[in-house]
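>>> Kindly return the folded structure for what I paste below:
(one chain, ligands or ions: 3)
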Amino acid sequence: MSRETKIVTKEEVALQHEYMSRVRAIIEKEGKHLYALVRTFGCQQNEADSERLAGMAEAMGYEITDQESQADLILVNTCAIREHAELKALSITGQFKHLKAAKPELIIGICGCMVSQEHRLNDIKNRYPYVDFLFGTGEIYRFPELLYRAHGSAGRFFIVEETLGTLAEGLPVKRASNFKAWLSIMYGCNNFCTYCVVPYVRGRERSRLREDVLNEARELVSQGYKEITLLGQNVNSYGKDLGYDYDFSDLLADICAIEGDFIVRFMTSHPKDASKKLVDTIAANKKIARQFHLPLQSGSNAVLKAMNRRYTRESYLELIDYMKTKIPDIALTTDIIVGFPGETEEDFADTLDILSRVRYDNIYSFIYSPRRGTPAAQMEDQIPADIQSERFSRLLELQHAISNEINQTLVGTTRRVLVEGISKNDTGMYTGRCESGRLVHFASDVDLTGEIVDILIERAETFNIFGSVARTGKARVESAQI
Ligand code: SAH
Ligand code: SF4
Ligand code: F3S
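Ligands and ions are numbered 1, 2, ... in the order given. Below you'll find the model as predicted:
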């Protein structure tokens, strides 16, 4: 057992391809048509992992389904970021008991961040006897081998190895969309914010090689993908472990140099090492969406210190100012944690103050959730739930007013929108996202799903904006209004 980051060798990946062929042969021999369902909780990283799992399942002969009743194989890809995420994953897993009782040959596997924690692994082992196998985030590449074993024998297995994370290339992928794609550029996190479970369940930072990332990006563009979102827990650390002089800004510039009409997004940037070079790179490349997600967590220096965030409100605001100067049309979004241990009324007022100064387009806010094994869970002064939720409401109230005001200023402007499909609320309308990430609704006689379209904004609410098609087809990236 190693405690190092592990680069999975070509031979080890080839072995997994061999297992894929073996499972496929078993299924073909039995003459069955089998279905696989992958349920995903958590962030975009997990969604990207699930697309690899679905790709491997498909390569093994399964058809991917979203119907539980149809499934012969169910994988639950779990999240551990907050207690609520874990409870949801456990509750879904609990419901599968009945499915297994009705269909004993059903194979159930659990993977992802939640089960990469020992106490949760033991929970599944002891309390969910109908779960056939379990594997951690570092063993995703071994899914074919595990499924082969599940097909071949009775018995349950649980594999969470003590590496600090793995990096594997060459696994198949089945993407959920044919116009929007995730592109993981790195895995893991070294930051150890005191509240966060991610470094414990995803291991240390490791970057994919420049050529591997660029080849995948080129392939996506040639397949017609219109939006590529680069993923990493802290994309600004990209390249630091590669041993050559190449950073995230260099990677972004190289991706933008690929010929074609597409939008580039990325997440997440840590404020402590979001550089001015990165801002300049965005300013210089119109293919990069005019949106920047810069998680603040708290506006109080005392709380930031207790969180181990390693920046101050002053340095954060300085970077925001630089960004607004260089890219005046930038839409800013952030993450906020409310009710961190020791947060006083003054600390919270500092957070509200930053919201008023920065004027984010949108915030993602969370009530602090203690995570087992993290330093913050041991801190004194845990904030009572009623105070947390009262602050949370005040935070949302302020932000909703700001979002609404910003949205009103958009009326009369033209925005570049990637059309995502028919509106969920109103089937007569289409929905897309403009570069800022806002949802835009508009009517159209033709199906524009997957196209980049210019929309004239006519009406705005706090969460939605409405408009009409200004010009369809190829919106020229160079001249896009943002
Ligand atoms: N790597 C990213 C964040 C990943 S987690 C970054 O550093 O920005 C996404 C968000 O979940 C975090 O930004 C934080 O706001 C929130 N979060 C993480 N741990 C949490 C916890 N224990 N309780 C509440 N919110 C949490
Ligand atoms: Fe968690 Fe902090 Fe790492 Fe983000 S940077 S994943 S919040 S430890
Ligand atoms: Fe959750 Fe793991 Fe993402 S804990 S937020 S799925 S990295």
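
>>> how close does the residue nearest to residue 190 when sequence neighbours are not counted get to residue 146?
Using C-beta to C-beta, 6 or more residues apart in numbering and skipping residues adjacent in sequence, the residue nearest residue 190 is residue 205, 4.8 Å away. Using the backbone N, CA and C atoms, a C-beta is placed for each residue, glycine as well. Using C-beta to C-beta, to the nearest Å, residue 205 is found at 26 Å from residue 146.

>>> who in the stretch 251-400 of the chain is up against ligand 1?
Within the stretch 251-400 of the chain, the positions near ligand 1 by C-beta under 6 Å from any ligand atom are 268, 270, 295, 297, 335, 337, 366, 368, 369, 371.

>>> what's the third one in contact with, if anything?
Applying C-beta atoms under 8 Å, 6 or more residues apart in numbering, we find residue 295 in contact with 268, 269, 270, 271, 334, 335.

>>> The last one should be in a helix, yeah?
No. With DSSP: H, G, I helix; E, B strand; the rest coil as the criterion, residue 335 is located in strand rather than a helix.

>>> count of residues packed around residue 415?
Using other C-beta atoms under 10 Å, residue 415 has 24 neighbouring residues.

>>> Secondary structure element holding it?
Per DSSP states H and E: residue 415 is located in strand 414-422.

>>> got a list of contacts for that strand?
179-180, 226-227, 263, 429-435, 440, 442, 448-457, 467, 470, 475, 480-482.

>>> and the closest residue to ligand 3 within the stretch 351-482 of the chain, how many neighbours does it have?
Across the stretch 351-482 of the chain, no residue is closer to ligand 3 than residue 371, which sits at 9.2 Å (C-beta to the nearest ligand atom). If you count neighbours by other C-beta under 10 Å, residue 371 ends up with 22.

>>> Ok, residue 168 next?
Counted with other C-beta under 10 Å, residue 168 comes out at 21.

>>> Please apply the same query to residue 320.
Residue 320 has 24 neighbours, counted by other C-beta under 10 Å.

>>> show me what contacts it?
Contact partners of residue 320, counting by C-beta under 8 Å, 6+ apart, are 294, 332, 358.

>>> Mind checking which of those are in helices?
Of these, the ones assigned to helices by DSSP state H are residue 358.

>>> Look up the closest residue to the closest residue to ligand 3 within the chain, ignoring the ones flanking it.
Ligand 3 sits closest to residue 42 of the chain, with a gap of 2.6 Å, by C-beta to the nearest ligand atom. Among residues not flanking residue 42 along the chain, residue 79 sits closest, at 2.7 Å (C-beta to C-beta, 6+ apart).

>>> what does residue 247 give?
Once flanking residues are discounted, residue 247 sits nearest to residue 239: 4.8 Å by C-beta to C-beta, 6+ apart.

>>> again with residue 65
In space, residue 65 comes closest to residue 35 once its chain neighbours are excluded; the distance is 4.2 Å by C-beta to C-beta, 6+ apart.

>>> Walk me through the domains of the protein.
6-166, 175-408, 414-480 (automatic domain parsing).

>>> for the record, mean pLDDT for the longest one?
Okay, so that is domain 175-408. Domain 175-408 shows a mean pLDDT of 97.

>>> hmm, that domain in reach of ligand 2?
Yes. Domain 175-408 reaches ligand 2 (C-beta under 6 Å from any ligand atom) through 189, 191, 192, 193, 196, 198, 199, 233, 234, 270.

>>> Just those: which are in helices?
Residues of these located in helices (DSSP H): 198, 199.

>>> Of the residues of domain 175-408 next to ligand 2, just say which sits nearest to residue 343.
Residue 343 has its nearest neighbour among the residues of domain 175-408 next to ligand 2 in residue 193, at 14.7 Å by C-beta to C-beta.

>>> which residues does the closest one contact?
So residue 193 contacts 297, 307, 308, 309 (C-beta under 8 Å, 6+ apart).

>>> how many neighbours does the third one have?
For residue 308, the neighbour count with other C-beta under 10 Å is 15.

>>> Could you do the first one as well?
Residues within reach of residue 297, counting by other C-beta under 10 Å, total 24.

>>> hang on, the earlier thing: from the contacts of strand 414-422, which would you call buried?
179-180, 226-227, 263, 430-435, 440, 442, 448-455, 457, 467, 470, 475, 480, 482 (16 or more other C-beta atoms under 10 Å).

>>> quick one: residue 87 is in a helix?
Yes. Residue 87 sits within a helix when classified using three-state DSSP.
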